[in-house]
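1. generate coordinates for the sequence data below:
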Amino acid sequence: MGSFERFNGRRSGQGKEVVILSHGFGTDQTAWTALRPWFDQRFDVVSFDLAGCGPNGADTYDFDRHGTMFGYADDLLDIVDELDLHRFTYIGHSMSGMIGAAAAVARPDLFERVVTIGASPRYLDDDGYTGGFKPQDLDNLFESMQANYQAWVAGFAPMVVGVEDNRVLADFSRTLFQMQPDIALNTSRTIFTSDMRTLAPQLSMPVHVIQTAVDMAVPVEVAQWLADTIDGATLDIIDASGHLPHMTAADEVTRILERRLLGTVS
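-> As a prediction, the model looks like this:
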């Protein structure tokens, strides 16, 4: 079985230019449902489920390989090579923003441009850097996940969604519960303890950073840091709350994508 099939790969769309959609922690590729029709009308669209996510996540996750973000980047490049993709647009939400950055630094010839949504290279505060979390915050997070995963999801999901949207809350809770608890815990450790800031200045292709104004996981300062550190990067801040704007504010995200990817003036 190839990587594309193993990670529940899906390919659709009417366009010639390839776009790869890669989701974030706690979701699967269904997170792109609201935006998929827009992409399908304009692009050749490739999506898949990250390791540990989706209906067969337990079969795709390796505690060693996926103990760093670079293991996910290797998965992405395996899919790209298998499908023989070149010069594509990569769109990564949350953890997939840095997964894409790692892959783009390793194989810059493949990436036409990168779009990040709610991405962070480091979640812990550091000298001169606001990541949004302190070590005790992460200790509490991991302890809560380990003590009672269902109770943790019930509290975590509404904070991440960030707005009153019962449909999105139900969808996000469903995909969180779909994850095996020990895999979810290990994945969160990998994400929240990573520091991938050294990748940002190495990105050589156009990068577009999208961020909501209020996000419990990623402060605006992080998006500004990315835009300032990546040469030529653009930054669009959506006047909205929550970490899942592609699910809760799809119209706003679409307007930004139209401007950044298609050159539409709005």
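2. what's near enough to touch residue 80?
-> For residue 80, the contacting residues are 20, 88, 103, 107, 110, by CB atoms under 8 Å, 6 or more residues apart in numbering. Where C-beta positions appear, they are placed from N, C-alpha and C, glycine not excepted.
3. run a quick neighbour tally on the second one.
-> Which is residue 88. By other CB atoms under 10 Å, 19 other residues sit near residue 88.
4. same deal with the first one?
-> Burial of residue 20 is recorded as 26 neighbouring residues (other CB under 10 Å).
5. do you know how far it is from residue 4?
-> In this view, residue 20 and residue 4 are 11 Å apart by CB to CB, to the nearest Å.
6. for the spatially most central residue of the chain, which non-adjacent residue is spatially closest?
-> With distances taken as CA atoms, centre = their mean, the residue of the chain nearest its centroid is residue 93 (2.3 Å). Nearest residue to residue 93, sequence neighbours excluded (CB to CB, 6 or more residues apart in numbering): residue 24, at 4.1 Å.
7. next one: phi and psi at residue 78?
-> Dihedral angles of residue 78 (phi, psi; degrees, to the nearest 10) stand at phi -60, psi -40.
8. I figured it hits residue 3, correct?
-> Yes: counting by CB atoms under 8 Å, residue 78 touches residue 3, with 4.2 Å between them.
9. of those two, which one has the most company?
-> Legend: neighbour count by other CB under 10 Å for residue 78 and residue 3, higher for residue 3 (19 against 15).
10. on that earlier part again, make TSV from the contacts of residue 80 and add pLDDT and distance to residue 252 to it.
-> As requested, those are exported to TSV (pLDDT from 0 to 100; distance: CB to CB, whole Å):
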residue	pLDDT	distance to residue 252
20	98	22
88	98	24
103	98	27
107	98	31
110	98	29
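11. can you pull out the low-pLDDT segments for the chain?
-> For the chain, the stretches with pLDDT under 70 are 265-266.
12. out of the contacts of residue 80, who's nearest residue 171?
-> Distance to residue 171, by CB to CB, is smallest for residue 20 among the contacts of residue 80, at 21.3 Å.
13. in stretch 34-54, which residues are buried?
-> 34-36, 38-39, 42-54 (16 or more other CB atoms under 10 Å).
14. and if you look at stretch 53-69?
-> Residues 53, 54, 57, 60, 61, 66, 69 are the ones in stretch 53-69 that count as buried (16+ other CB under 10 Å).
15. next: stretch 10-28.
-> By neighbour count on 16+ other CB under 10 Å, the buried set for stretch 10-28 is 10, 13, 18-28.
16. circling back to that earlier point, SS state for the residue nearest to residue 93?
-> Assigned with DSSP: H, G, I helix; E, B strand; the rest coil, residue 24 falls in the coil class.
17. what do you get for the one 10 residues further on?
-> At residue 34, secondary structure determined by three-state DSSP is coil.
18. not counting its neighbours along the chain, what's nearest it?
-> Closest residue to residue 34 apart from its sequence neighbours, by CB to CB, 6+ apart: residue 250 at 3.9 Å.
19. what's the spacing between the one you found and residue 96?
-> Distance of residue 250 to residue 96, computed by CB to CB: 17 Å.
20. with neighbour numbers in mind, choose between these two.
-> Set residue 250 next to residue 96 and count neighbours by other CB under 10 Å: residue 96 wins out with 27 against 18.
21. need the contact list for residue 29.
-> By CB under 8 Å, 6+ apart, the residues touching residue 29 are 8, 10, 21, 23, 47, 48, 49, 54.
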